[in-house]
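Chemist: task: produce atomic coordinates for the following.
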Amino acid sequence: MEAFREIYEIFGERILNYIYRMTGSREDAQDLTQDTFVLAFRKLATLKENSKVQSWLYRIAQNNVFQKYRSKPPPTESIDEKDAQELSESQAVETPRKDPEQSVLRSELEEKVEEVINSLPQKYRRVFVLSAIHKLSYQEISEIMDRSLASVKSDIHRARVVVRDQIKEYLGDNYGMSNPL
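Modeler: Okay, the predicted model is just below:
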């Protein structure tokens, strides 16, 4: 029981974040996270390799999301600013505060990135979130998705291209250039 509590402490927030990004609903994410860990506890004996706990948990979480939305896909609404901030604080990039204008611009860009990620087709969003946000390896993502490594690499590349192109479009002519004063 103590070992499973440690597993929850290590992976609970990651699984919640992953499910939230897949469903767009805080309530569904909390319910599905709880279901994921209850099922994982019941099926602990089926875990073949202790080193694969993370992949195993993500797969259970993914299957729970699929099961819940089998008849209808989750809504792809924009994430409420408050909920997005609460659930992504662990992934927030620490940068020194410069001035209010820089802070507003950075916040605006973060919102746009979140919007772009949420607009990705579900197939690409899942692998992109696991790769770019959760920092999992291609091999781990391949195991979670139960797909070939080549397929996962291809989908991650396509997702990155879409995100990059939409962010470039949003930034316009100032992309990659500092403001001349």
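
Chemist: tell me the contacts of the most centrally placed residue in the chain?
Modeler: Centroid check for the chain by C-alpha atoms, centre = their mean gives residue 129 as the closest residue, at 3.4 Å. Residue 129 is in contact with 18, 21, 22, 117, counting by C-beta atoms under 8 Å, 6 or more residues apart in numbering. Backbone N, C-alpha and C define where each C-beta goes, glycine included.

Chemist: now residue 112
Modeler: Counting by C-beta under 8 Å, 6+ apart, residue 112 has contacts 167, 170.

Chemist: domains for the protein, by residue range?
Modeler: Domain assignment for the chain, taken from automatic domain parsing, gives 1-76, 98-181.

Chemist: pLDDT on the first one, on average?
Modeler: In this case it means domain 1-76. Mean per-residue pLDDT for domain 1-76: 84.

Chemist: try stretch 167-176
Modeler: Stretch 167-176 shows an average pLDDT of 73 in the prediction.

Chemist: ok, which stretches of the protein are helices?
Modeler: Along the chain, the segments classed as helices by DSSP state H run 2-23, 26-42, 53-68, 81-88, 100-119, 122-128, 138-145, 149-171.

Chemist: burial count for residue 114?
Modeler: 17 (other C-beta atoms under 10 Å).

Chemist: I meant to write residue 155 there.
Modeler: 21.

Chemist: roughly how far does it sit from residue 55?
Modeler: Going from residue 155 to residue 55 by C-beta to C-beta, to the nearest Å gives 17 Å.

Chemist: distance of the closest residue to residue 4 other than its chain neighbours from residue 34?
Modeler: Distance criterion C-beta to C-beta, 6 or more residues apart in numbering; nearest residue to residue 4, sequence neighbours excluded, is residue 41 at 5.7 Å. Using C-beta to C-beta, we find residue 41 at a distance of 11 Å from residue 34.

Chemist: cool, and residue 147?
Modeler: For residue 147, the distance to residue 34 - C-beta to C-beta - is 27 Å.

Chemist: hang on, the earlier thing: select from the contacts of residue 129 the one having the most neighbours.
Modeler: Neighbour max across these (other C-beta under 10 Å) = residue 18, 27 neighbours.
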